[in-house]
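Trainee: Based on what follows, work out the 3D shape:
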Amino acid sequence: MKILLLGANGQLGRSFVEDGGLAARGELAAATRDGTLWDGARAEVADLAAPGLGALLDRLQPDVVVNAAAYTAVDRAEQEEALATRINGAAVGELGNWAAAHGALVVHYSTDYVFDGSAQIPYPVDAPTGPLGAYGRSKLAGEDALRASGADHLILRTAWVYAPHGHNFMRTMLRLGAERDELRVVADQYGAPTSTGLIVRASLALLDRWFAQPGARASLCGTHHLVASGHTSWHGFASAIFAEAHARGLLPRVPRVQPIATADYPTPARRPAWSVLDNRGLARQLGSPLPDWRDGLREVMNRLSG
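Mentor: The predicted structure follows:
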C-alpha cells in the first residue's frame, strides 16, 4: 500500500512521521511545501497553494492520501481568504477528484470552526454548519468539495489541537507562563483540547478498520468528530497546563490566570463560543470512548518532561 502524507512539517503531520504508524502500514511518502522535513530529511514537494498537485499524485499513485496540510492562521485568513480557500478548499477538491478517478482513499482533517458556536450541547456530525469567519468558510469549502468529488473519504473534524512541537496554545502558555506572573485568558469559549497523539492513533485505527473490514466502509466513509472527551474553556486549559507543567518542574511557579471575556480580547476573526463536538459516533466506530482531554495533556507533559 502506498501512502502520501501532505503537510508533514505541521503539528499533525510531524506527529504522524514521529509516530511511525503510517510507515509501518505501507510505503510512505511525506510531502512538505519546500521538500524538506523539520529535521533536514528530504521529502516530496507539495504546496497546496500552487499548481502541480495532480502531477505529484500521478507520479506517486498513492492508495491513501492523508491530508494534514492546511492554512491555519485564523486571524490572517480574514485578509487572505482567497489563499485560505485555495489551500483548505480547492486543493482538497483536487485531491478528491484524483482519488475518485484512481480508487484511492482521502483522510482529511477539518475543524470545529465550521459551526457558529451558538449551540449548548455538543455538535453532532450532521448539525447545520455556519462558520463565523474566513478560516471556517475555507475549511467547510474543503469538506464540501471532497464530498462532491465522490471519492472514498474520512473527514475528521477536530478542535483546539496541540502538540509538543509547533505553534499552539499550550506551547504559547508555557512560554508566557515562564515570563509572567499573571496572564489574562478568555473564559467564555469552550472546547475539547485535543492532542495530535490522539488524532494520530484514532486515524490509524480507522485506516486499519477500513482495510481489514471492507464491509465496514459504508459506515466509515463520511464525516466524524475526532476530539478528546470532555470540555473546558481556554482559561481552564491554561490553568491545567500550568498545574501539570509546574508539577513536572517545567515551570518554576504557577502564574495567576485571570478569566476574561471574549469582548476583552478582540481579534480580527470571530471565534465560536461553543466548540464542543459530539465524538460518540467515532467512539462507536473505534469500539471504545475517546480519552478525556486531561489525559492527552498529561501525556504531552510527560513527553516534554522526559
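Trainee: can you map out the strands along the protein?
Mentor: For the chain, the strands defined by DSSP state E cover 2-6, 27-32, 44-45, 64-67, 105-111, 152-158, 161-162, 182-186, 190-191, 194-195, 222-225, 232-233, 256-260.
Trainee: Mind putting the ones you listed into CSV with distance to L12?
Mentor: To be clear about C-beta, it is placed using only N, CA and C from the backbone, and glycine gets the same treatment. Formatted as CSV, those follow (distance: least, Cβ to Cβ, whole Å):
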stretch, distance to L12
strand 2-6, 10
strand 27-32, 12
strand 44-45, 17
strand 64-67, 9
strand 105-111, 7
strand 152-158, 9
strand 161-162, 7
strand 182-186, 24
strand 190-191, 17
strand 194-195, 10
strand 222-225, 15
strand 232-233, 21
strand 256-260, 27
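Trainee: Of all those, which one is nearest S275?
Mentor: Nearest of the strands of the chain to S275, taken as Cβ to Cβ: strand 190-191 at 3.6 Å.
Trainee: Packing partners of the closest one?
Mentor: Here strand 190-191 touches strand 232-233, going by 3 or more Cβ pairs under 8 Å, 6 or more residues apart in numbering; DSSP states H and E.
Trainee: Quick one: residues in contact with the strand it packs on.
Mentor: Residues from elsewhere that reach strand 232-233 (Cβ atoms under 8 Å, 6 or more residues apart in numbering): 186-193, 240, 259, 293.
Trainee: From those residues, list the buried ones, please.
Mentor: 186-187, 189-193, 240, 259, 293 (16 or more other Cβ atoms under 10 Å).
Trainee: How far away from the center of its chain is stretch 270-279?
Mentor: Once both centres are worked out by Cα atoms, centre = their mean, to the nearest Å, stretch 270-279 turns out to sit 14 Å from its chain's centre.
Trainee: quick one on the thing from earlier: using TSV, please lay out the contacts of strand 232-233 together with distance to T32.
Mentor: Output for the contacts of strand 232-233, formatted as TSV (distance: Cβ to Cβ, whole Å):
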residue	distance to T32
V186	32
A187	37
D188	37
Q189	31
Y190	33
G191	28
A192	28
P193	26
A240	32
P259	39
W293	29
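Trainee: which ones are touching R201?
Mentor: 19, 21.
Trainee: Distance of it relative to G296?
Mentor: Distance, R201 to G296, using Cβ to Cβ, to the nearest Å: 10 Å.
Trainee: hey, where'd the helices end up in the stretch 201-306 of the chain?
Mentor: 217-220, 234-247, 280-286, 293-305 (DSSP state H, counting those that start in this stretch).
Trainee: of those helices, which approaches P51 most closely?
Mentor: helix 217-220 (31.5 Å).
Trainee: which other helices and strands contact that closest one?
Mentor: helix 196-212.
Trainee: Give me the mean pLDDT for the helix it packs on.
Mentor: For helix 196-212, the mean pLDDT works out to 97.
Trainee: List the buried residues for it?
Mentor: 196-207, 209-210.
Trainee: ranges for the helices of the stretch 51-200 of the chain?
Mentor: Counting by DSSP H, counting those that start in this stretch, the helices of the stretch 51-200 of the chain are 53-60, 81-85, 91-102, 134-149, 169-179, 196-212.
Trainee: As CSV, those with distance to R284 would be great.
Mentor: Formatted as CSV, the helices of the stretch 51-200 of the chain follow (distance: least, Cβ to Cβ, whole Å):
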stretch, distance to R284
helix 53-60, 32
helix 81-85, 33
helix 91-102, 26
helix 134-149, 21
helix 169-179, 29
helix 196-212, 12
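Trainee: most tightly surrounded among those helices?
Mentor: Highest mean neighbour count among these (mean count of other Cβ atoms under 10 Å): helix 134-149, with a mean of 23.
Trainee: What helices and strands are in contact with that helix?
Mentor: Going by 3+ Cβ pairs under 8 Å, 6+ apart, helix 134-149 lies up against helix 81-85, helix 91-102, strand 105-111, strand 152-158.
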